[in-house]
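[1] Everything below, folded, please.
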Amino acid sequence: MRPFSVPVSLLRQYCFCPRIPFFYLVKDIKPVAKPWEKQGVIFHKRQCFLNARRRMTRFGLSDATMRSNQLVSSELLYLHGVCDSILFSGDSPVAIVEFKSRDVACTTPGSLIQLTAYSMILEDLYNITLRQGFFLCGERGKVHQIDITNERKEQVLLVRDSIYRDCERSLLPHSCASEFQCGQCEFINFCADR
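    Numbering: from 1, shown residues only. This is a model prediction of the structure:
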């Protein structure tokens, strides 16, 4: 199969359930948005507004500026997406910042892969190495620093390649999602075994 650019958001979704990218990419199903998706959009807008007024010292960077809702893509990695924010020092990016409405979201495998994937794209675009990224969590904007490791970068590529494999096979992938996960999934009506 010829590689295609995978949205970074689908890497995160794959970690939640491998069937979600399959439904989007192979079946071309666009589900109705759930109420919490709208809440997430409102949360992101509020964080962008607040960050325009906040000092960047909370990230350990006194001279950094933040640019929000940045479209990024890498032809080398076949990845693209809109990252929540990028911290810049001058014209050079120094870290990705992803917004999460809940603290627990900062520790999920999908969120870590998402942050790492955006960091990898910036590394390719700017020919730099990023060693850290940040999650800005909750209404108070608690900062969590995350190390960008080679192991996490390898995991990003493994997930991307798994999405390619599932698309090439055109067979519904196995899912080990829990009842809790299925209960909040917009694709539950399309899974015959749930």
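[2] where in the chain is pLDDT low?
    Applying pLDDT under 70 to the chain flags residues 1-2, 34-36, 50-55, 104-105, 194.
[3] Helices of that one, start to end?
    All helices of the chain, identified by DSSP state H, fall at 8-16, 19-25, 35-51, 109-126, 150-169, 179-183.
[4] Just send these back as JSON lines, with mean neighbour count and distance to V82 too.
    Heads up, the C-betas are built off the backbone N, CA and C, glycines and all. Formatted as JSON lines, the helices of the chain follow (neighbours: other CB atoms under 10 Å; distance: least, CB to CB, whole Å):
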{"stretch": "helix 8-16", "mean neighbour count": "21", "distance to V82": "8"}
{"stretch": "helix 19-25", "mean neighbour count": "22", "distance to V82": "16"}
{"stretch": "helix 35-51", "mean neighbour count": "14", "distance to V82": "10"}
{"stretch": "helix 109-126", "mean neighbour count": "22", "distance to V82": "9"}
{"stretch": "helix 150-169", "mean neighbour count": "16", "distance to V82": "17"}
{"stretch": "helix 179-183", "mean neighbour count": "11", "distance to V82": "24"}
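[5] so G138 makes contact with D103?
    Yes. Counting by CB atoms under 8 Å, G138 touches D103, with 5.7 Å between them.
[6] Tell me which of the two has more neighbours.
    Per other CB atoms under 10 Å, whichever of G138 and D103 has more neighbours is G138, with 17 against 13.
[7] quick one: contacts for P93?
    86-87, 122, 126, 128, 130 (CB atoms under 8 Å, 6 or more residues apart in numbering).
[8] what's the answer for L115, then?
    By CB under 8 Å, 6+ apart, the contact set of L115 is 96, 98, 133, 135, 146, 148.
[9] any idea how far the residue lying closest to L76 once chain neighbours are set aside is from P18?
    Spatial nearest neighbour of L76, excluding adjacent residues (CB to CB, 6 or more residues apart in numbering): D124 at 5.1 Å. Remark: distance between D124 and P18 (CB to CB, to the nearest Å) = 25 Å.
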